[in-house]
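S.K.: coordinates for the following, if possible.
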Amino acid sequence: MEQFREMRRKRQQLSEEESISILRKSTAGTLALLGDNDYPYAVPISYVYADGRLYFHSALNGHKVDAIRKYDKASFCVIEQDEVHPEKYTTFFRSVIAFGRIHIIEDDTEKLETARMLGNRYNPNQEEALQKELENGLSRMLMIRFDIEHLTGKEAIELMKQREQR
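M.R.: Residues are numbered from 1 along each chain as shown. As a prediction, this is how the structure comes out:
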């Protein structure tokens, strides 16, 4: 298991439960990979969170897929809140960063299961439509699994103080 650096401003650190709650509620984040010529490659992407993992879908080819196949370490960032307060020269933010290993799902059963999970996340209670979509598109899609090894959440000091006052 990798050693991860501790957050510098621990007082602003969210609990693991709060961080997971943000991952469950949010619908998109930025996936960071080691891209072409070892340049960082960060791509906005929709996802679903389940049991310590993130799941994404992708086309069969492209920069993201090449980067994942080349190097399995990645990070993923979600910004839940970003409220600018210009008069205070600050931002009331709440965000989460996950570090982990990322893989293309090769097992057909897992691929179908995770594609169904993602479809239900964004279009719930539409089983018939989802089934049709999967029948038409699953063969042209990759499913990607991100196993979270380290998760940190952080919020602005002002939000932390507001919560303490409640």
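S.K.: only C-alpha atoms from now on, for both contacts and neighbour counts.
M.R.: OK.
S.K.: Y47: what's it in contact with?
M.R.: T27, A28, G29, L54, Y55, F56, H57, L118 (Cα atoms under 8 Å, 6 or more residues apart in numbering).
S.K.: want to throw the residues you listed into a markdown table with secondary structure, neighbour count and distance to K10?
M.R.: Shown next, in a markdown table, are these (DSSP: H, G, I helix; E, B strand; the rest coil; neighbours: other Cα atoms under 10 Å; distance: Cα to Cα, whole Å):
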| residue | secondary structure | neighbour count | distance to K10 |
| --- | --- | --- | --- |
| T27 | coil | 16 | 26 |
| A28 | strand | 18 | 25 |
| G29 | strand | 20 | 23 |
| L54 | strand | 22 | 25 |
| Y55 | strand | 23 | 28 |
| F56 | strand | 20 | 30 |
| H57 | strand | 22 | 34 |
| L118 | helix | 20 | 33 |
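S.K.: farthest-apart pair in the residues you listed, please.
M.R.: The distance between the two most remote of the contacts of Y47 (Cα to Cα) is 14.4 Å, for G29 and L118.
S.K.: isn't E16 right up against L151?
M.R.: Yes. At 7.2 Å, E16 counts as touching L151 under the criterion of Cα atoms under 8 Å.
S.K.: between the two, tell me which one has more neighbours.
M.R.: L151 (20 against 14; other Cα atoms under 10 Å).
S.K.: how near is that one to G137?
M.R.: Distance, L151 to G137, by Cα to Cα, to the nearest Å: 32 Å.
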